[in-house]
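In: Here's a sequence, model it:
(chains A and B)
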Amino acid sequence: TQLLEQSPQFLSIQEGENLTVYCNSSSVFSSLQWYRQEPGEGPVLLVTVVTGGEVKKLKRLTFQFGDARKDSSLHITAAQTGDTGLYLCAEYGGTSYGKLTFGQGTILTVHP
Amino acid sequence: NAGVTQTPKFRVLKTGQSMTLLCAQDMNHEYMYWYRQDPGMGLRLIHYSVGEGTTAKGEVPDGYNVSRLKKQNFLLGLESAAPSQTSVYFCATILTEGTEAFFGQGTRLTVV
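Out: Below you'll find the predicted structure:
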């Protein structure tokens, strides 16, 4: 079973600071997704990365996919209170067709 | 266009009671998933389905059963509820592997 490990588990920062969240696997990812979840809601997709070394930007968020496709990072520049939430990485399949597995998540709190 | 609808939104059960959670989607998606989420945690996969009439076990299937008799509906059953099954349950659907997962609003279940 492929394990997705996210770090850190908790992150508490001040508005304006930068931060990075990591997602690592014991095996090679076919593709990797990042989701954000707010309290009382279901997760919402931020990005999908597919190619090793790929970098995608979404406003102040930068997503990187490792060259070997076994790790990924999410970097937020100048965090805002609206960035507060649970950030989850997810990957498909492996040996189980259609299986969608999530990491345990990083709880981010941005203080004003 | 409702997307993904979970019924009920809240439920309190006594230990040993049974219940069924319904996930209904109008997106014509093939794949459907049931997850549970405990406080401050990520999503753990219970069961999933890659098409009408098919089901497969996820990471934490014990104590749960599922059925996908119609493409648009995925039912999650608890035959004999236990306090350890107190959680928030999320249903998700995707069109094909690798695409965005769409989530319902969640069902908050308390077993006393």
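
In: nearest spatial neighbour of B:Gln6, skipping sequence neighbours?
Out: Leaving aside its chain neighbours, B:Gln6 sits nearest to B:Gly104 (3.7 Å; criterion: CB to CB, 6 or more residues apart in numbering or on different chains). No exception for glycine: its C-beta is placed from N, CA and C like everyone else's.

In: got the phi/psi numbers for that neighbour?
Out: Main-chain dihedrals, B:Gly104, degrees, to the nearest 10: phi -80, psi 180.

In: Write out the residues of chain B neighbouring chain A.
Out: Contact residues, chain B versus chain A (CB under 8 Å from any CB of the partner chain): B:4, B:31, B:33, B:35, B:40-45, B:48, B:50, B:56, B:58-59, B:90, B:92, B:94, B:97-106.

In: from memory the residue nearest to B:Gln6 sits against B:Cys91, does it?
Out: Yes: between B:Gly104 and B:Cys91 there is a contact under CB atoms under 8 Å: 4.4 Å.

In: Now residue 53: closest residue in space, sequence neighbours ignored.
Out: I went with chain A, as the question did not name one. Nearest one to A:Gly53, counting by CB to CB, 6+ apart, is A:Asp67 at 4.8 Å.

In: Chain B, not that one
Out: B:Arg68 (6.3 Å).

In: measure A:Arg60 to A:Leu46 for me?
Out: A:Arg60 sits 12 Å away from A:Leu46, going by CB to CB, to the nearest Å.

In: List the residues that contact A:Phe29.
Out: A:Phe65, A:Arg69, A:Lys70, A:Ser72, A:Glu91 (CB atoms under 8 Å, 6 or more residues apart in numbering or on different chains).

In: nearest to A:Phe102, of the residues you listed?
Out: Closest to A:Phe102 out of these is A:Glu91 (8.5 Å), distances taken as CB to CB.

In: Run a quick check on the closest one versus A:Trp34, I expect a contact.
Out: No: assessed by CB under 8 Å, A:Glu91 is found out of contact with A:Trp34, at 10.6 Å.

In: pLDDT wise, what is the residue of chain B found nearest chain A at?
Out: Per CB to the nearest CB, B:Phe103 is where chain B lies closest to chain A, at 2.7 Å. We have a pLDDT of 97 for B:Phe103.

In: What of A:Leu100?
Out: 91.

In: A:Leu45 touches B:Ala101, doesn't it?
Out: Yes: the criterion here is CB under 8 Å, and A:Leu45 meets it with B:Ala101 at 6.8 Å.

In: intersection of neighbour lists for the two?
Out: Residues within reach of A:Leu45 and of B:Ala101 at once, by CB under 8 Å, 6+ apart, are A:Gln33, A:Tyr35.

In: Show me what residue 87 is bridged to.
Out: Using chain A. Note on A:Tyr87: beta-bridge partners A:Arg36, A:Thr106, judged by DSSP bridges.

In: actually it's chain B I care about, not the one you picked
Out: Assessed by DSSP bridges, B:Ser87 has beta-bridge partners B:Leu109.
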